[in-house]
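1. Please find the sequence and the predicted model below.
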Amino acid sequence: MTQNLEIQPHAERLMALEPQLVIWRRHLHRHPEVSFQEHQTAAYIAAELRGMGGLEVSQLTPTSVLAIRRGTRPGKTVLLRADIDALPMSEENSFEFVSQNSGSMHACGHDGHTAILLGVAQLVSEQADWDGELRMIFQHAEEQSPGGAEELVFASALMDGVDVVTGLHLNSQLPVGVVAVRPGAFMAAPDNIYITILGRGGHAAHPEEAVDPIVVGAQVVTNLQHIVSRGVSALDSLVVSVTYFQAGTTTNVIPDRAELKGTVRSFDPELRERAPAMIERVVRGVCEAHGARYEYRYENGYRPLINDDGVAEVLRQVALEVVGEERTVLAKPTMGGEDFSAYLEKAPGAYFNVGSRNDGLESGFPHHHPRFTIDEAALGTGVEMMYAAAIRLAKG
Ligand code: NI
């Protein structure tokens, strides 16, 4: 590992910080709170930040926290973002710091993101001076559309004067110590569809007197698969997944309706614009063919996450210095969504991944899995990356 004292914290400072990173992460892991309900989490973060000194700590929304470090030397205004929310699911890990809030779990690594940004705040607060202005936003509700970023970006003054923005996601599919960056399209727009098939209920012995919404719904699910396979160029990316199908109550009753829900993922704005009508055409056609009616709603989710090429290159350079050439990789684009894209509406920026997989520690479960966890060694890498990126980006 190369040591560049200009942008990297001294090794001793980082080593001293590492036990604290683990304490923060485990506290958050023990006390997860789901989107828009992160009250204790925000209070904990604010108290930790106030204890550091030298930071202006405030709350722009009830469950997010902003810390600002104003420098005396000229420089850019840089925004660093960590998401802080957990998921509504039950943890199946057995380590001693498992979730104490039943039905809530940090299964995406946001506990780690929060610990990392607290670590950066600690280093920055110890720094004698700073270039420009550093804003560190601990953002609520990444996991639930419309998302916390939307609220902070469009309904608060958070982005006023921000020149550049960055943030990271731990990645359980990347080995610990690896940093992945990608210019351009990185994460998809995750839209939702809601379909109700309106049939006519009746006795299961006499289907000829009913319009069976289950059979019609099954045809809708099957026919929706033709959109991607037959209706979209193989060179464009689109996912249509029906993830919810609910109908009926018992064996001898044909119900009068079936509820379907699903997700539609895309990068290309033009394709995204076509998707709602392509889907409705299938729903309408299948329903008409079988004498059913329908209700249909297409809900736009987060914007696609498109990294700024210049900022992504700065992050790649930083990664080369922090983790070295062998551990700096080109990230693959993913059909996952991320409300970090909202910040990119207001300022150039880039999002990147830090690996947290260590098979010896069983930290390779996918995100949102009940046994998801991270190798805590990734926390130090995250701090080094964010701290170095902040210094580099502040110089412009
Ligand atoms: Ni996440």
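-> Yep, it's here. Model, not experiment: these values are computed from the prediction.

2. domains in this structure, as residue ranges please.
-> Listed domain ranges for the chain are 11-187+304-395, 189-299 (source: automatic domain parsing).

3. Pick the most buried one from the ones you listed.
-> Taking mean count of other C-beta atoms under 10 Å as the contact definition, the stretch among these with the greatest mean neighbour count is domain 11-187+304-395, which reaches a mean of 20. (Each C-beta comes from the backbone N, C-alpha and C, glycine too.)

4. how about JSON lines for the domains of the chain, with mean pLDDT added?
-> Conversion of the domains of the chain to JSON lines gives the following (pLDDT from 0 to 100):
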{"stretch": "domain 11-187+304-395", "mean pLDDT": "97"}
{"stretch": "domain 189-299", "mean pLDDT": "97"}
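
5. residues making contact with the longest helix along the chain?
-> The helix of greatest length in the chain, counted in residues with DSSP state H as the criterion, is given as helix 269-290. Counting contacts by C-beta atoms under 8 Å, 6 or more residues apart in numbering, the residues outside helix 269-290 that touch it are 189, 191, 193, 195, 197, 211, 215-216, 219-220, 223-224, 226-227, 231-232, 236, 238, 240, 264, 266, 293-294, 296, 298, 304.

6. In helices, which of those residues appear?
-> Secondary structure assignment (DSSP H) places 215, 216, 219, 220, 223, 224, 226, 227, 231 from the contacts of helix 269-290 within helices.

7. Closest one to residue 96 out of the residues you listed, please.
-> Out of the ones in helices among the contacts of helix 269-290, the one with the shortest distance to residue 96 is residue 224. That distance is 45.3 Å, counting by C-beta to C-beta.

8. who's residue 198 bridged to?
-> Using DSSP bridges, the bridge partners assigned to residue 198 are residue 257, residue 293.

9. And it, how close does it get to residue 215?
-> 14 Å (C-beta to C-beta, to the nearest Å).

10. Find the centremost residue of the protein, please.
-> Taking C-alpha atoms, centre = their mean as the criterion, residue 338 is the residue nearest the geometric centre of the chain, at 3.9 Å.

11. what residues are up against that residue?
-> Applying C-beta under 8 Å, 6+ apart to residue 338 gives the contacts 142, 169, 187, 302, 305, 351.

12. Can you show me the strands along the stretch 101-250 of the chain?
-> In order along the chain, the stretch 101-250 of the chain carries the following strands (DSSP state E, counting those that start in this stretch): 131-139, 164-175, 179-181, 184-187, 189-198, 202-203, 238-247.

13. Would you reformat those strands as a markdown table and include distance to residue 287?
-> Listed next are those as a markdown table, based on distance: least, C-beta to C-beta, whole Å:
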| stretch | distance to residue 287 |
| --- | --- |
| strand 131-139 | 41 |
| strand 164-175 | 39 |
| strand 179-181 | 44 |
| strand 184-187 | 33 |
| strand 189-198 | 7 |
| strand 202-203 | 17 |
| strand 238-247 | 14 |
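
14. Tell me who's in contact with residue 304.
-> By C-beta under 8 Å, 6+ apart, the contact list for residue 304 reads 185, 187, 188, 189, 266, 267, 269, 272, 341.

15. If you count contacts, what does the helix or strand where residue 392 lies end up packed against?
-> Under DSSP states H and E, the secondary-structure element containing residue 392 is helix 377-395. Packed against helix 377-395, as judged by 3 or more C-beta pairs under 8 Å, 6 or more residues apart in numbering; DSSP states H and E, are the following elements: helix 11-30, strand 73-83, helix 110-126, strand 131-139, strand 164-175, helix 309-322, strand 349-357.

16. try 6 Å this time
-> strand 73-83, helix 110-126, strand 131-139, strand 164-175, helix 309-322, strand 349-357 (3 or more C-beta pairs under 6 Å, 6 or more residues apart in numbering; DSSP states H and E).

17. mind putting the ones you listed in TSV, distance to residue 24 included?
-> Formatted as TSV, the helices and strands packed on helix 377-395 follow (distance: least, C-beta to C-beta, whole Å):
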stretch	distance to residue 24
strand 73-83	11
helix 110-126	4
strand 131-139	11
strand 164-175	14
helix 309-322	20
strand 349-357	15
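
18. Might you report the residue contacts of residue 116?
-> 379, 382, 383 (C-beta atoms under 6 Å, 6 or more residues apart in numbering).

19. tell me the SS of residue 261?
-> Secondary structure for residue 261, judged by DSSP: H, G, I helix; E, B strand; the rest coil, is strand.

20. Residues in a beta bridge with it, which ones?
-> Each beta-bridge partner of residue 261 is listed here: residue 194, residue 244, as defined by DSSP bridges.

21. Verify the contact between it and residue 244 for me.
-> Yes. The pair residue 261 / residue 244 is scored as a contact, 3.8 Å apart, by C-beta atoms under 6 Å.

22. pretty sure residue 312 contacts residue 184?
-> No. Under the contact definition of C-beta under 6 Å, residue 312 does not touch residue 184, with a separation of 7.7 Å.

23. secondary structure class for the nearest residue in space to residue 145 that is not next to it in sequence?
-> Counting by C-beta to C-beta, 6 or more residues apart in numbering, residue 301 is the residue found nearest to residue 145 once chain neighbours are left out, at 5.1 Å. For residue 301, the assignment made with three-state DSSP gives coil.

24. returning to that earlier point: just the contacts of residue 116 now: which is nearest residue 12?
-> When the contacts of residue 116 are compared for distance to residue 12 (C-beta to C-beta), residue 383 wins out at 13.9 Å.
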